[in-house]
Structures are given as C-alpha cells and as structure tokens.
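sequence and predicted structure are below.
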Amino acid sequence: MYQDINLTIDNKIALIEINRPEVLNAIRVQTYQDLIAAFKEADASDDVNVIVLTGAGGKFTAGNDLSDLVAGDDIRQDVMDGVSGIFTTLSRVKKPIIAAVEKVAVGIGTTILLHCDMAFAGANTRFRLPFANLGVSPEGASSMLLTESVGPKIANELLLTGRFFDGSEAEKWNIINKATEDGQALEAAMSVAQDLVKQPLASLITTKQLLNVGNSEVIEEVVTDELEAFSLLLQSEDTQARINHLVNSSK
Ligand SMILES: C/C=C/C(=O)SCCNC(=O)CCNC(=O)[C@H](O)C(C)(C)COP(=O)(O)OP(=O)(O)OC[C@H]1O[C@@H](n2cnc3c(N)ncnc32)[C@H](O)[C@@H]1OP(=O)(O)O
C-alpha cells in the first residue's frame, strides 16, 4: 500500500519507517504523501496507542530530496503541499509520537523532531539545518519551535550557520530526550513506547492535548508563513544554481 515507507503495527505500537535507504531516506513527494497517510491511519486505528517514527537501514533522514527542489514549478508546489501536509497532520495527531534517529537528521529530518512528543538519537547522529546554506529559509515552524526549545542564541547559530551538531548537543538543547549509544535509538524509543501502552489511551491522549493546548493553530500559521518565504527563495536563480550544483556533484 505504501511506496516509500513501511507501517507495522504490533502490541499497540505503530512503527513508521521511512524506507529510501539508498538516498539516506531523503523525503520526496511520494514520501510526504505516504507519511501523511500512515500517521492518519495509525492515529485512527483502534490497534494503535503510540506511534514510533524511524528510518530504514539505521539512518533517519537526509531531509527533503534535493532533486525535487530543482525539478520545476509543479514538483515544487507538490513539495510545498507535502511539507505543509505533514506538519498539519503531525500537529493534529492525538496519540504520542516518539522518534528514533540514527546517523543523519538533516533539514526536515531535524525540524520534524520538534513536532514529535519524544525523540532518541544515536550519539554520533549528524544533525543540521542547512536552509541558509541552500539559499532557502527555515521550515516546519522551526523559526519559532527551535527558539523555544534551544533559546534564541543557539537557534540563531544553528539556523544562520547551518553547522552540523551531534546527539549530545541535541540532548543538551532539548531537541531530543536522550542521546543513546549509536544503533540503540530505536530500542530506547520502543522501550518508552512499551511503557506508554501500559497506560490508558484516554489518559495519554488527554495529557498530550493539555500539553499542547492552542499550539496547533499557531504552528499551522507559522508553517504556512515560513513556506511562503521558503518557496519564494527556492525559485531564485541563485538558490536553484546552488542546489543544482549539489545534485550534480553527487552524480
Ligand atoms: C522542506 C525541507 C527542506 C529540507 O529538508 S532542506 C535539507 C535537504 N537536505 C540536504 O541538504 C542534505 C543533503 N545531503 C547531505 O548533505 C549529505 O548526504 C549528508 C551530510 C546528509 C550525509 O553525507 P554522507 O554520509 O557523505 O552521504 P552521501 O554520500 O552524501 O549520501 C549518500 C547517498 O544519498 C544521496 N542523498 C543524500 N542526501 C540526499 C538528499 N537530501 N536528496 C537526495 N539524495 C540524497 C546522495 O546523493 C548519495 O547518493 P549516491 O550514493 O547515489 O551518490
């Protein structure tokens, strides 16, 4: 049923795995569509109390597929719809979401963690928000959520320089709950998920709802404003040349 992700349900836990390991699980239009449908399916299923998000092949995701960002106006609009769709969906999911991250979490691979209720990552995971480096601007409400999470000075540093950071920095800055030994993030996420499924679902849902009261409207507004800016910058000649250069140099 899904092309770019796997969805498995066991013991009240839905495991959503991005499955494009040959490109470090880069997210193309189809992947967004699959992720949106899988989160909605898991949230609606009576067999699911908790959702775990991870990537295949021991990697999380290298972010948006770069080739989609230089594939012309129609694909660019599909990407914008996909990005907007996944963040709107995540802001409305009622059940707890836990992310398990290894090796790479770049671009939307990092910003999506700001929308998960908990996250665990291998200590040597390479996190990065390279929006300015690519010639675009922040997405996923990260201009707001990152500042709330890490404080303005670190958010400025991460979003303006686009430097890499690792699991221990991500833990220190509350982007993840804990940096695990490399290769152990999924086990850590599943262990918490197994604890959560012992609690009544109504309590999990109500607690999540109270913790996030009023957030989804604000998040959806910021996501939309950011995507307008992102899309404008993406169309510029300089940005298209930068991304084309990256795409062609990896061929
Ligand atoms: C709205 C959302 C926006 C965003 O998410 S913006 C962010 C977009 N993402 C990026 O800019 C990341 C681009 N990728 C990288 O910078 C590097 O990768 C990493 C630092 C993540 C990892 O580097 P290394 O471990 O040396 O792996 P490798 O050889 O670069 O990649 C392995 C294969 O994966 C393909 N790949 C990696 N990232 C992407 C991507 N984002 N889109 C499409 N393909 C990607 C490569 O090309 C290559 O493929 P081949 O083996 O055929 O040469």
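Thanks, I have the structure now.

then stretch 76-94 to CSV, C-alphas only?
Output of stretch 76-94 as CSV, limited to C-alpha atoms (Å, rounded to 0.1, in the frame of the first residue of the first chain):
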residue,chain,number,x,y,z
ARG,A,76,8.0,22.4,-6.2
GLN,A,77,4.3,23.1,-5.4
ASP,A,78,3.9,19.3,-4.6
VAL,A,79,6.8,19.6,-2.2
MET,A,80,5.3,22.6,-0.5
ASP,A,81,1.9,20.8,-0.2
GLY,A,82,3.8,17.8,1.2
VAL,A,83,5.7,19.8,3.8
SER,A,84,2.6,21.7,4.8
GLY,A,85,0.6,18.5,4.9
ILE,A,86,3.0,16.5,7.1
PHE,A,87,3.3,19.3,9.7
THR,A,88,-0.5,19.9,9.7
THR,A,89,-1.0,16.2,10.2
LEU,A,90,1.5,16.0,13.0
SER,A,91,0.0,18.9,14.8
ARG,A,92,-3.3,17.1,14.8
VAL,A,93,-2.2,13.6,15.7
LYS,A,94,-3.8,12.7,19.1
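
the ligand contacts on this structure?
23-24, 26, 62-67, 83, 104, 106-108, 126, 130, 134, 139, 250 (CB under 6 Å from any ligand atom). Quick note: C-beta positions are derived from backbone N, CA and C, even for glycine.

and those residues, which are buried?
24, 26, 62-67, 83, 104, 106-108, 126, 130, 134, 139 (16 or more other CB atoms under 10 Å).

strands - which of those residues land there?
In strands, judged by DSSP state E, the following of these are found: 104, 106, 126.

from residue 203, how far off is the residue in the stretch 1-150 of the chain positioned nearest to the ligand?
Residue nearest to the ligand within the stretch 1-150 of the chain: residue 107 (2.2 Å; CB to the nearest ligand atom). Per CB to CB, to the nearest Å, residue 107 is found 34 Å from residue 203.

with residue 210 instead?
Taken as CB to CB, the span from residue 210 to residue 203 is 11 Å.

show me what contacts residue 208?
By CB atoms under 8 Å, 6 or more residues apart in numbering, residue 208 lies in contact with 94-96, 117.

how about residue 192?
Counting by CB under 8 Å, 6+ apart, residue 192 has contacts 98, 118, 120.

is the first one bridged to anything, and to what?
Read that as residue 98. residue 52, residue 118 (DSSP bridges).

residues near it, how many?
The local packing of residue 98 (other CB atoms under 10 Å) involves 25 other residues.

for it, report the pLDDT, please.
pLDDT recorded at residue 98 is 99.

ok, now the last one?
Looking at residue 120, its pLDDT is 99.

and the contacts of the helix or strand where it lies?
Per DSSP states H and E, residue 120 falls inside strand 118-122. Strand 118-122 is contacted by residues 60, 96-103, 105, 113, 127, 167, 170-171, 175-186, 188-189, 192 when judged by CB under 8 Å, 6+ apart.
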